[in-house]
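In: Build me a model from this:
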Amino acid sequence: MDKKEIFRIIKTFSSARAPSGLERARGELFKTELEKILTDKNIKVNTDSLSNYYVKFKGKSSKKAIAILAHLDEIGGTIRKIKKSGTLEFSKRGGYEGRWLVSRKISVLNKEGKWINGVIGGRSPHATPPKLRGEEKFELYEMEIFIGAQDKEEVINKYKIHIGAPFVFSGDFELLNEKFNDNIIEGYSMDNLVALTALILLSDKIVNNLLDESGNLKIPYDLYIVATSREEIGTEGSLFFARSNPIDEIIAVDIGLVENFPGTVSTDIKLNDGPVIIWQELSGSGVLDYNLCKTLVEVAEQNNIKYQDGVLEFYGSDAGKTQKWLGIPSALVGIPTMFAHNVPEISTLDGIEQAAELIYHYLSNQNLEKEL
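Out: As a prediction, this is how the structure comes out:
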């Protein structure tokens with residue numbers, strides 16, 4: 001699949017916002033893209049009660065079931081209080097820090113399903129004494145959202161915003177410098193639009209190369225392709241799906257952290273050096289399956305696919321939770337991404353393609369007949 005088509009897919013997904021718990025609009029776009037690939041295959045795209053979207057490819061003997069996951073949702077917030085002045089206080093939905101929120105543009109979903117623009121306010125340097133500027137801490141609970149309302153009644157009656165309303169971070173989703181580079185992309189919700197797009201590329205490779213005329217896999221296991229919900233608030237979707245279906249192995253696709261700023265803890269992941277095979281997360285409390293990670297490395301080397309090894313300290317994933325809480329052997333493949341959980345984030349179209357290629361070769365190269 002060429003870069004223009006990969007960009008079309010991720011741009012399409014970006015057009016529907018998906019704060020945790022409200023993933024269906026983006027899920028429906030994911031379903032539409034999958035259905036294009038599955039035309040005439042008599043394979044249905046399903047959804048469950050927690051808004052996971054998935055497709056099942058039946059294997060020729062179904063001795064094993066593997067699930068490939070990527071999450072639909074994105075970070076954002078929730079309106080916690082409407083003040084008499086017409087400004088809004090908020091809580092987080094997903095993980096991020098207050099230091100980058102000042103003057104950030106956001107969009108609040110109102111009762112009528114419309115997105116209302118707002119800006120997170122902060123002290124202007126023109127009104128803040130120099131000493132306070134140097135000492136100021138960016139506490140989320142001290143911040144407010146300005147939407148242009150005159151008072152609380154206008155917020156409720158005119159803007160139709162209520163306590164509990166979700167918001168997402170606003171911006172554009174584009175190639176960073178289209179005239180100079182057709183690979184680097186920038187925008188909101190890169191975590192996890194890159195991985196959702198990789199699932200579409202992977203599905204296309206499976207349909208074109210691994211299905212027989214009846215629509216079944218030529219290899220001896222069942223395969224689930226799953227877009228999960230609620231990852232950013234505790235991986236609820238993946239846990240629900242794995243408990244509800246007979247899954248023996250999981251590979252999650254997410255972002256790999258490209259980070260080299262002073263004071264950060266990192267693995268020295270590079271933006272253009274291939275997908276990241278992540279061995280451990282959550283400061284050592286999330287250890288991924290060693291043999292599964294090792295096999296992914298071997299597959300990458302055998303097929304001349306660039307890859308990077310990673311250990312992520314302050315990061316949790318669908319794969320880490322299914323491994324830790326359910327005992328399902330799980331691995332995590334990260335697509336290199338800069339400025340994670342800030343807006344905008346930076347990633348690459350090549351990284352999406354390379355991650356899909358790695359997992360495709362893993363699926364197609366296993367000799368499960370010997371293993372089982």
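In: going forward, measure contacts between C-alpha atoms and count neighbours the same way
Out: Fine.
In: the longest helix in this structure is where?
Out: Ranked by number of residues, the top helix in the chain under DSSP state H is helix 190-209.
In: And that helix, what's buried?
Out: Using 16 or more other Cα atoms under 10 Å as the test for burial, helix 190-209 gives 190-207.
In: Check which helices and strands that helix sits against.
Out: helix 3-14, helix 24-37, strand 65-71, strand 222-228, strand 249-258, strand 330-338, strand 345-348, helix 349-365 (3 or more Cα pairs under 8 Å, 6 or more residues apart in numbering; DSSP states H and E).
In: Next one: residue 263 relative to residue 241, how far apart?
Out: According to Cα to Cα, to the nearest Å, residue 263 stands 38 Å off from residue 241.
In: Could you list the low-pLDDT ranges of the chain?
Out: Per-residue confidence for the chain (pLDDT under 70) gives these ranges: 126, 133-136, 366-372.
In: Can you tell me the centre-most residue of it?
Out: residue 192 (1.8 Å; Cα atoms, centre = their mean).
In: so where does residue 340 fall, helix or strand?
Out: Remark: residue 340 resides in no helix or strand, with elements defined by DSSP states H and E.
In: Dihedrals phi and psi, it?
Out: Taking degrees, to the nearest 10, you get phi -60, psi 140 for the backbone angles of residue 340.
In: can you pull the contacts of the closest residue to it other than its chain neighbours?
Out: Excluding the flanking residues, the one nearest residue 340 by Cα to Cα, 6 or more residues apart in numbering is residue 257, at 6.8 Å. Contact partners of residue 257, counting by Cα atoms under 8 Å, 6 or more residues apart in numbering, are 266, 269, 312, 334, 336, 337, 338, 339, 340.
In: What of residue 103?
Out: Shown in contact with residue 103 (Cα under 8 Å, 6+ apart): 119, 120, 121, 122.
In: Can I get the buried part of those residues as one PyMOL selection?
Out: Buried members of the contacts of residue 103, defined by 16+ other Cα under 10 Å, are picked up in PyMOL with:
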select buried, resi 119+120+121
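In: Next, format the contacts of residue 103 as JSON lines and append distance to residue 24.
Out: Below are the contacts of residue 103 laid out as JSON lines (distance: Cα to Cα, whole Å):
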{"residue": "119", "distance to residue 24": "26"}
{"residue": "120", "distance to residue 24": "26"}
{"residue": "121", "distance to residue 24": "30"}
{"residue": "122", "distance to residue 24": "33"}
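In: hmm, back to that, CA-only coordinates of the longest helix of the chain, as PDB, when you get a sec.
Out: Extracted in PDB, the C-alpha atoms of helix 190-209 (Å, rounded to 0.1, in the frame of the first residue of the first chain):
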ATOM      1  CA  MET A 190      -1.500   9.800  17.000                       C
ATOM      2  CA  ASP A 191      -1.800   7.500  20.000                       C
ATOM      3  CA  ASN A 192      -3.400   5.400  18.600                       C
ATOM      4  CA  LEU A 193      -4.400   6.300  15.100                       C
ATOM      5  CA  VAL A 194      -1.000   5.000  13.800                       C
ATOM      6  CA  ALA A 195      -1.800   1.500  15.200                       C
ATOM      7  CA  LEU A 196      -5.400   1.500  14.000                       C
ATOM      8  CA  THR A 197      -4.100   2.200  10.500                       C
ATOM      9  CA  ALA A 198      -1.500  -0.600  10.900                       C
ATOM     10  CA  LEU A 199      -4.400  -3.000  11.600                       C
ATOM     11  CA  ILE A 200      -6.000  -2.100   8.300                       C
ATOM     12  CA  LEU A 201      -2.700  -2.600   6.400                       C
ATOM     13  CA  LEU A 202      -2.200  -5.900   8.200                       C
ATOM     14  CA  SER A 203      -5.800  -7.000   7.300                       C
ATOM     15  CA  ASP A 204      -5.100  -6.200   3.700                       C
ATOM     16  CA  LYS A 205      -2.000  -8.300   3.600                       C
ATOM     17  CA  ILE A 206      -3.900 -11.200   5.300                       C
ATOM     18  CA  VAL A 207      -6.800 -11.100   2.800                       C
ATOM     19  CA  ASN A 208      -4.500 -10.800  -0.200                       C
ATOM     20  CA  ASN A 209      -2.000 -13.500   0.800                       C
END
